[in-house]
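S.K.: the sequence and its predicted three-dimensional model are supplied below.
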Amino acid sequence: MLDAAASRFRPFEVISKVRESATITSFRLAPLEHQHWRSFEAGQFLTMRVPDRKGGHVLRNYTVSSSPREEGTYRITVKREAAPAQDLPDGLSSCWLHDQIEPGAVVEIDPPRGAFKLDSASARPVVLLSGGVGLTPTVSMLDVLARDTNRPVWFIHACDSAAVHALRDEVEHLAALRPGITVHYCYRFAEGADLTVARCHSTGFLTRATLQSLLPLDDYDIYMCGPPPFMQALYSILTGLGVPKERIAYEFFGPASLLTETAQTAQRSKMASTPKPVIDGEAPCVVLHKLGLSLTWDSASDSILAFLEAQGIEPEFSCRAGVCGTCEQGLVSGEVDYFEEPLDQVPDGRVLLCCTRPKSSIVLDL
């Protein structure tokens, strides 16, 4: 499968390697041939081919942490994932980058892609929420918001301690460019002086009370990124505060069902027990074979995945960009149109929900 996609990758040289914290390092990448650089939007990621322990390659996604204004290079900011126990291996790709890759090395990447992007048409205030190395997209977003808009912004970042707090100086610089940008840091294991010298503003975990104290009543666009436990907790807090889920955009490379697993199970059970067939002679139907549902396609939907989510059905996904294959489902019948080319060839009888729309009525093995 990787061989089929190999022609999509291009060689990039590592032109700098900068230690950002005790566990996080940034790598600046420049194409060997200038035309291989592609513009990107804040929040998007690139895909890298990483050698595995068997002589082959695996694919890993890394968010571009640099500003879209910086043409000609990309910066990725990576946490070194050491083994959590002696009998387990270190993180394959992160340790390869940290321990073996130095300036002058050449890596292979596929240009940035992904749907986790700022809504440039919105004028709503913005909340940027991040946990640990999940600040990589929010720093890039902050750069755009600080320089190109007057939208009120709250940049809220949680991490373990000052020792692992990355890109702090960059965030402080961007926040100082104009009025209307508020920064809040929460350290899980703060030291005694951290609060008094304003290294952080709260300690422990980000809580409902903390967010309520920071954010005035308003209609926000919220962007969040971080490890699954952080995302689960914040998603629950935000929805509990009445934030509509369509106002919460998020990115993390794992099954999105982790965010709302309980709600998803209940919703699927409810829908499966009360199917609502829809008959429409004009629009295609999306039939979910296992759930016994027939739904009329909404042409305003960005993708089959987005359409299903709007119906309260939440298939697993990760990248939303045709890279990871998490949203792959069986296509029992019908035809689809790929509006974004998948990184790898999709087998016959299968479909990626995140980058397709139906060309005819379709039946999914879902």
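M.R.: Cool, got the structure. Because the structure is a prediction, the values reported are computed rather than measured. Residues are numbered from 1 along each chain as shown.
S.K.: so what's Pro31 up against?
M.R.: Arg10, Pro11, Phe12, Glu13, Trp37, Gly72 (C-beta atoms under 8 Å, 6 or more residues apart in numbering). No exception for glycine: its C-beta is placed from N, CA and C like everyone else's.
S.K.: next, give phi and psi for it.
M.R.: Pro31 adopts backbone torsions of phi -70, psi 140, taken as degrees, to the nearest 10.
S.K.: cool, Glu246 as well?
M.R.: Dihedral angles phi and psi of Glu246 (degrees, to the nearest 10) take the values phi -70, psi -10.
S.K.: OK, contacts around it?
M.R.: Here Glu246 is in contact with no residues (criterion: C-beta under 8 Å, 6+ apart).
S.K.: could you measure from it over to Arg124?
M.R.: According to C-beta to C-beta, to the nearest Å, Glu246 and Arg124 sit 12 Å apart.
S.K.: can you show me the helices along the chain?
M.R.: For the chain, the helices defined by DSSP state H occupy 2-5, 92-100, 135-148, 168-175, 192-196, 208-214, 228-240, 261-273, 304-310.
S.K.: ranking these by burial, who's on top?
M.R.: The highest average neighbour count among the helices of the chain, using mean count of other C-beta atoms under 10 Å, belongs to helix 135-148 at a mean of 24.
S.K.: for that helix, the distance to its chain's centre please.
M.R.: 14 Å (C-alpha atoms, centre = their mean, to the nearest Å).
S.K.: what does that helix contact?
M.R.: 42-45, 62-69, 76-77, 116, 118, 126, 128-130, 151, 153, 155, 157, 166-167, 170-171, 174-175, 177-178, 181, 223-225, 251.
S.K.: now, of the residues you listed, which are buried?
M.R.: Buried members of these, counted by 16 or more other C-beta atoms under 10 Å: 42-45, 62-68, 76-77, 116, 118, 126, 128-130, 151, 153, 155, 157, 166-167, 170-171, 174-175, 181, 223-225, 251.
S.K.: filter those residues down to just the ones in strands.
M.R.: Counting by DSSP state E, the part of the buried ones among the contacts of helix 135-148 found in strands is 45, 62-63, 76-77, 126, 128-130, 153, 155, 157, 181, 223-225, 251.
S.K.: quick one: mean pLDDT over stretch 289-306.
M.R.: In this model, stretch 289-306 has an average pLDDT of 89.
S.K.: and if you look at stretch 355-365?
M.R.: 94.
S.K.: now do stretch 79-98
M.R.: The model assigns stretch 79-98 a mean pLDDT of 84.
S.K.: so how far is it off the chain centroid?
M.R.: Using C-alpha atoms, centre = their mean, the offset of stretch 79-98 from its chain centre is 21 Å.
S.K.: hmm, who's touching that stretch?
M.R.: 23-25, 27, 48, 50-53, 58, 60, 78, 99, 132-133.
S.K.: that one: end-to-end distance?
M.R.: Chord length of stretch 79-98, first to last residue, is 8 Å (C-alpha to C-alpha, to the nearest Å).
S.K.: ditto for stretch 117-132
M.R.: End-to-end for stretch 117-132, by C-alpha to C-alpha: 19 Å.
S.K.: where does this structure have low pLDDT?
M.R.: 1-7, 85-88, 252-282 (pLDDT under 70).
S.K.: biggest strand in it, by residue count?
M.R.: Longest strand in the chain, counting by DSSP E: strand 10-19.
S.K.: what angle sits between that strand and helix 92-100?
M.R.: Orientation note: strand 10-19 sits at an angle of 70 degrees relative to helix 92-100 (axes from the mean of the first three to the mean of the last three C-alpha atoms, to 10 degrees).
S.K.: tell me the buried residues in strand 10-19?
M.R.: Arg10, Phe12, Val14, Lys17.
S.K.: give me the helices and strands touching that strand, please.
M.R.: strand 24-31, strand 106-113 (3 or more C-beta pairs under 8 Å, 6 or more residues apart in numbering; DSSP states H and E).
S.K.: how about those in JSON lines, adding distance to Gly334?
M.R.: Shown next, in JSON lines, are the helices and strands packed on strand 10-19 (distance: least, C-beta to C-beta, whole Å):
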{"stretch": "strand 24-31", "distance to Gly334": "39"}
{"stretch": "strand 106-113", "distance to Gly334": "26"}
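S.K.: most tightly packed of the ones you listed?
M.R.: strand 24-31 (a mean of 20).
S.K.: partners of that strand, with directions?
M.R.: Paired strands of strand 24-31, with direction, are strand 10-19 (antiparallel), strand 74-79 (antiparallel) (DSSP bridges).
S.K.: just the angle between it and strand 106-113, please?
M.R.: 90 degrees.
S.K.: so Lys290 touches Gly330, yeah?
M.R.: No - the criterion here is C-beta atoms under 8 Å, and Lys290 misses it with Gly330 at 9.7 Å.
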